[in-house]
Each structure stands twice: as structure tokens, then as C-alpha cells.
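*Asks:* have a look at this prediction, sequence included:
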Amino acid sequence: MTTEVVVETLIKAAIVIGALLTGFAYLTLFERKVQARMQQRPGPNRVGPWGLLQPAADGLKLFFKSSSMPAGRDHFLYLLAPLISVCAALASFAIIPISGPGTLNLFGYHIGWYIMNANIGVLWYFAVTSFGVYGIFLAGYASNSKYSMLGALRSSAQMISYEMALGLSLVPVFILAGSTRMVDIVNAQHTWWFILPLLPAFFLYLVAGIAETNRAPFDLPEAETELVAGYHTEYSGMRFALFFMAEYINMIIVSSIAAIVFLGGWWGPFGILPGPWWFLLKVVVLLYVYVWLRATLPRMRYDRLMALGWKSLLPLSLAMMMVTAVVVVAAQGGA
Amino acid sequence: MAETRIAQEPFGPGPQQDAVFGPEHEPETEWMELNMGPQHPSTHGVLRVRLKLDGERVRDADPDVGYLHTGFEKSFEDKTYTQGITFSDRMDYLAPPINNVGFVSAVEKLMEIDVPLRAQAIRVMMMELARIASHELWLGTAGLDLGVYSGFFYAWRDRELVLDMNEAYSGVRMMTSFTRVGGVAWDLPDGWTDQLQKFIDVMPGRIDDFESMLTANPIWKQRLSGVGVLSSRDAIEAGVTGPMLRASGVDYDVRKAFPYSGYEDYDFEVPLGNAGDCYDRYVVRVAEMRQSLRILQQALDNLPGGPWLTSNRKVALPPRSELSKSMEAVIHQFRLVSEGFKGPVGDVYAFVESPRGELGFYLVSDGANKPYRMKVRPPSFCNLQPLKRLVQGVLVADVIAIMGSMDFILGDVDR
């Protein structure tokens, strides 16, 4: 039995990693295409039909690039940093149930639609994603470059600050669902998606999530017009690609969690699509929002960003948490 | 400390003297020196700025120019007056027609030549188109510096229309070299005025679109308002001109103050700011684009007929048709093409309003067929002067906003 569980988990992990890496590749294409349309240009259309092979071409290019390394680097940390980033990003997907509520019946086995149905649920995501800060910070520290260092400082400050707001914005969901287990949260949304009662929390989560993933308009750590490329200035070739990968996979994960905790995960309004498709659709819509924001908004300034995080998002998240708690308790008391 | 020292000699210490970085100003904490440029994504060319940073805050800055030195001023001395026109294009490569006009008006002033009305109107149209193109480019790149990715493409799309018109008129998209001493090289081609009318009709909407994206955008306002405030006094002291000066509330536009090329006949306003910050510079430039469209419409409506080049055969080539009939025309043609024309002894200063400010050409002639000395008063170089003062105490991100709002062209800084 235990061997079976191990094998099952390993196979599922391999599938998820493969899917995430493909998803990352096509997310770059998606972003470039959507952004191009918003900017009145066609976007990549040379490699394959509609540029569908562009990610492969990019990947090959990065793979065959010579990887130059800066002098005076801390060699071990320099090599370790991109690995931490990408591993943290990949690991956090383990808790995401892509469908449900039942299991997938295959060859006589009942296989869950997740790698891990942990009772700590979302907390796993927070734990692992905080680990990702180390990747970025060590990259800046080990590169022996001032631009990298500034990017790393910004990034760690930003990610640590916004993790608070990110975490607190999800607490109302836990209160409503009565669990942090992902599957329970989704099942609690069978009739009503949590976005309806918790709309402010959803927006708080979205803003904090965008800041957490260092995306525009909060892309200060790699603000290319200020800090050249921020923490990964000194990385090239495949090592750069790993950072890039981590950023995009984090986008997918933040969107996935939003889809699960606010948008009802695999539940669709009419049941016309099977669960995984609903989930995918919601994630793509959220990713579209990411791209849309990037094409529209200027970048915020560092101090304003911190002010927004500590002075606006954090108090608002706390207030939202209090209000939800009071309402839930009042409703239970009344019933 | 460092601040008071700088207030005493605002623009004194260059990189060689290094007074501000000297040992007597060594602070208790160690400052990080960041070398921004000459190859940095947002120095718009090859400006180098040495920043002293205290965390993200800039304590001191030391701009260093000279990485794009071209020697145009010296090269002018080696070319005849007609040949010199092609140099003027390349100094401020974002508004070549205005440089063309600036250079030939210096020569015309020296030679005391009148320019036909039609040529003046064509020059005005080309200059205002160049102003719009330059401001569009500024909008695009300054926006890009602050993370407005799409704005860059919108601005580029609109600028493209101007480049198309440049091409239709002069055959070249950027380095037009369309002026000649005493007029312009060619008459307007067929259909060009329709193209211009279409441009004038479409542009207000395009500018509105751009403004709807940025003008009231809270992030955009946060990034620019109150950043890089330059008082009118400081601006005048540093010799700042153009939109940057007008954003500080000083009403000085060469087109109004010292009209040239018939600008006194056009009805337009000079947009002014009052805060003198980056946001006002943005507002002023956008408003200037609208004014340029007004001028273009008036120039188009009242386009005079007649010749587009002076009939003074001492400076202007005779028309082809005369060559087969008149011996004199052949002689003029030969003289002008082989050695050009000689100017009287003397010196003149002619200046025009470029998108960046007052662009002046000081021309000294010793009676030869080329300038004895040419000194250009570049708006970009003068507008760069307050940089050191403006960036002290701001954040690194603001340095980018301030440098972006200055709209300098390194080709113009390092002649």
C-alpha cells in the first residue's frame, strides 16, 4: 500500500511538473500575444503557426547560450539561488486540487486530483513561497553586483511585506469554509463562490498576489529601466531561465489559489464542462488580468509600494477578517 | 555638509575636481556608489551618472557627459554652408528639421537673404511635425522608463505618421536635410497636404487616448508629481529652456519671443506649468503637441503659393530649365556645386525653438565659403545642468523619472 502511494505521488508529481513547465512556456507566449494585441502589433508569429513553437525556440536558445558568470561571485550560492527559486515555485503546486469532488478512477485505483491533500492546505503554500525569497535574495547577494543587490533588497522587503497581506486576505475564506484544506474550501463553495461574499478579500488577495510575484505594476525588483534587471542582472542562459520560470510558475500558482479559494475551483455554474476545464478556464482568466495590468499600468515607486502594503492592504485585510468573523459568529448565534 | 557645499557652487565640481566626494565629506555610514550608465536602459543614450546611494536614497550625483562626442561643431568648419546642413540633422536626431532650419537661418542672417513665404510655411509645417514626433517619442520612452509598456507602442505608431510624411516630402524618414540657404530644397509633393490634413484630423483623438491612459492615472501622478521640482529661478540660472523651463512657469518660447520663419502670423498659445515638477513637464509637452496641431492647421489653410527657394542665384541653384538657355545659370550652377558661396566677414547668432528648448547657432565667418567657427547652443546640454541638484535626496526610481522628464538627446549634448 505504501509503495503504491509513493509511486502514485511520484507519477502525479512528474505530471504536474511537466504540466507546469509547459504551462510556463505557453504562458510566456500567451503574455506576448495578448500584450501584442493590446499594443497593436501581431506578436510572435514566425515560429510555427501563430508562433506556437516560439517557447520551444526560446527555450532552446537559452539552453545553448553560454552561461557567463560574474567575477567575485559567491559561487555556491550563485548556483544555488535559481534552484531554490524554481523548486519553491514548483513545490507549492502540490496542494492544488485541479478537480473533484470525487477521485479519478484509473486501472482500479482511486486517484485524488491533487498531489497532497494536506490539512494545513494554504499554509503549505505560504511556507514554501516564503522559501522563494531566499532564491531571489541569495541571487542578488551572490552576484557581486550593485544592481543585483538593490533588486534583491527591494524584492525581499516587498515579498515579506506582501506575504502578510496575502495571508491575511485568505483568513476570511478559512473562517467561512471552516478549514484550510483546499478540497474542503472548494466543496464549501458548491452553491456560492466565495468571491460573492468576500469580494474585497478577493481584490486584496489579487493585489497582494501580484506584488508577491513581482509582476507589473509591482515589478520593482527587476525594474529594468532602473535596476537593469534587478536580482538576475548577472544571470544568463539556463540559470536566467530558471528565475524566469519561477516567476511565471508563481503567477500560475497565485492564480490557481485564487481560482480555488474565491472562484469555486472546479465548480462551474452550469456543469457543462468537466471540473479540470473549469479550473483551467478560471486560471487563464486570472492570468489574463496579470497581462492586462502589465500592459496598462506604470510601475509603482518602492516607498509607495511599501506604504500601500503596510498602510492599506494590511489594515484592510485585518478589518476584512474581523468583519467576516463577527458576521459568521452572529449568523451562527442567530441560527 | 555636502548639501550646503552644493548650494554654494551649484554646478561647479565636475568629475575631475571631485569636491563633493572628497575626504572631508566622508560620512559616518558608508555610501554605495552606483555607476549608472553610460550603458543603462534609461539614460537615453550614453549619459553616465555616478550616484552616491544611502540605501535607495540618492545622496549625491555626478553626471558625466562626453561618451557620444561627435565633433560636429568642428566638422562644420570643414564643409561649405550647403554641406553643413547634413551635419545639423544629426545633432538632435529626434527633430532634424528644426536643426536644419536653425542652421540655415544662421547662414541666411549672415548673408542677409530673404526666404520666400511658401518656403517659410513649409519650414513651419516640417518643424511642427518634428516637434510632435519628438514629443511623441519622449512620451513613449519616458513612459517606458516608468513601466508604461503599451504607451511606447502607441507613441511610436503616431510618430510613424510623421516619419511617413518626412519620407514623402524629403525621401528620408529622419535626416531630412530639406532646407537650403534661401528656402527649401523641393516643393511639396502631390497629395502631401491631404496626408497632413489626415494627420491633423487623427492626432487629437490619439493624444486624447494617450491622456486617458496616463494623465489621471494615480500611479503616473504619484511617480511624477512633486518629483524633480525646479523653481523658475533655478531654471533660469541654469540656462534651462524649452518645455522644461515653461513647466517651471517661465513664459519663454523663441517662437513667441523672437519670431522666425513667420511664426508671428500664427495663432497659438504657449502652455505653461506652475509646479515645475516632472508631471508639469509631461502636461506641458502634451499641450504643446495640441498647439503644434493648431499651427499645422493654420499653415495648411494659409499655404502661400509662389517660389519655395530664393531667386538670389548667388546662394541658390538655378532651376534645371534655365541651364540649357542661360550661360549665366550654368556658371552659377558650377560655382555653387564646386565651391559653394562665400559669406561676408562677421558673426551671427540665430536661434529656434526646438522640442527641447532654445537651439542656437553662433556662426563666425572670415569671408570663406565655410564657417570659421560654429558654436551650437544645444538645449539638451543646458537642460542637463540642474540634474545634479534635482536628484539629491530622491529615490533611485525618481532619478529615472527626472532624467526621463528632462528629455535630453545625447547627440545634442556632445556635439
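*Replies:* Arrived safely. Residues are numbered from 1 along each chain as shown, chains lettered A, B, ... in the order given.

*Asks:* now the residue in the stretch 51-200 of chain B that chain A sits nearest to: closest residue in space that isn't a chain neighbour?
*Replies:* Here the residue of the stretch 51-200 of chain B nearest chain A is B:Gly147; by CB to the nearest CB that distance is 3.0 Å. (C-beta placed from N, C-alpha, C; glycine too.) Distance criterion CB to CB, 6 or more residues apart in numbering or on different chains; nearest residue to B:Gly147, sequence neighbours excluded, is A:Arg299 at 3.0 Å.

*Asks:* hang on, the one you found in a helix?
*Replies:* No - under DSSP: H, G, I helix; E, B strand; the rest coil, A:Arg299 sits outside any helix and is assigned coil.

*Asks:* how near is it to B:Glu128?
*Replies:* According to CB to CB, to the nearest Å, A:Arg299 and B:Glu128 sit 32 Å apart.

*Asks:* just for the chain, where's the confidence low?
*Replies:* Picking chain A for this. Low-confidence regions of chain A, defined by pLDDT under 70, span residues A:1, A:100-113, A:220-229, A:270-273, A:275, A:334-335.

*Asks:* switch to chain B, please.
*Replies:* With pLDDT under 70 as the threshold, chain B has low-confidence stretches at B:1-29, B:41-43.

*Asks:* and the stretch 51-200 of chain A, which residues reach chain B?
*Replies:* On the criterion CB under 8 Å from any CB of the partner chain, chain B has as its neighbours in the stretch 51-200 of chain A the residues A:Lys146, A:Tyr147, A:Leu150, A:Leu153, A:Arg154.

*Asks:* state the pair within those residues that is farthest apart.
*Replies:* Largest separation among those by CB to CB: A:Lys146 and A:Arg154, giving 12.6 Å.

*Asks:* these two - which one has more neighbours?
*Replies:* Between A:Lys146 and A:Arg154, counted using other CB atoms under 10 Å in any protein chain shown, A:Arg154 has the larger neighbour count: 27 against 19.

*Asks:* A:Leu263 versus the closest residue to B:Ser354 other than its chain neighbours, what's the distance?
*Replies:* Spatially, and ignoring its direct neighbours in sequence, B:Ser354 is nearest to B:Ile98 (4.7 Å; CB to CB, 6+ apart). As defined by CB to CB, B:Ile98 lies at a distance of 55 Å from A:Leu263.

*Asks:* just B:Val376 next, same as before
*Replies:* With the distance defined as CB to CB, B:Val376 ends up 62 Å from A:Leu263.

*Asks:* swap in B:Phe152?
*Replies:* Applying CB to CB, the value for B:Phe152 to A:Leu263 is 33 Å.

*Asks:* what about those two, which has more around it?
*Replies:* Neighbours of B:Phe152 and A:Leu263, each counted by other CB under 10 Å, are more numerous for A:Leu263; the result is 22 against 18.

*Asks:* for residue 144, which three-state class applies?
*Replies:* By default, I'm working from chain A. Using three-state DSSP, the secondary structure recorded for A:Asn144 is coil.

*Asks:* grab the nearest non-local neighbour of it.
*Replies:* Computed as CB to CB, 6+ apart, the closest residue to A:Asn144 that is not its neighbour in sequence is A:Gly72, at 4.0 Å.

*Asks:* phi, psi of the one you found?
*Replies:* Torsion angles at A:Gly72 (phi, psi; degrees, to the nearest 10) stand at phi 80, psi 10.

*Asks:* ok, it to chain B distance?
*Replies:* 16 Å (CB to the nearest CB, to the nearest Å).

*Asks:* gap between A:Ser143 and chain B?
*Replies:* Computed as CB to the nearest CB, the A:Ser143 to chain B distance reads 14 Å.
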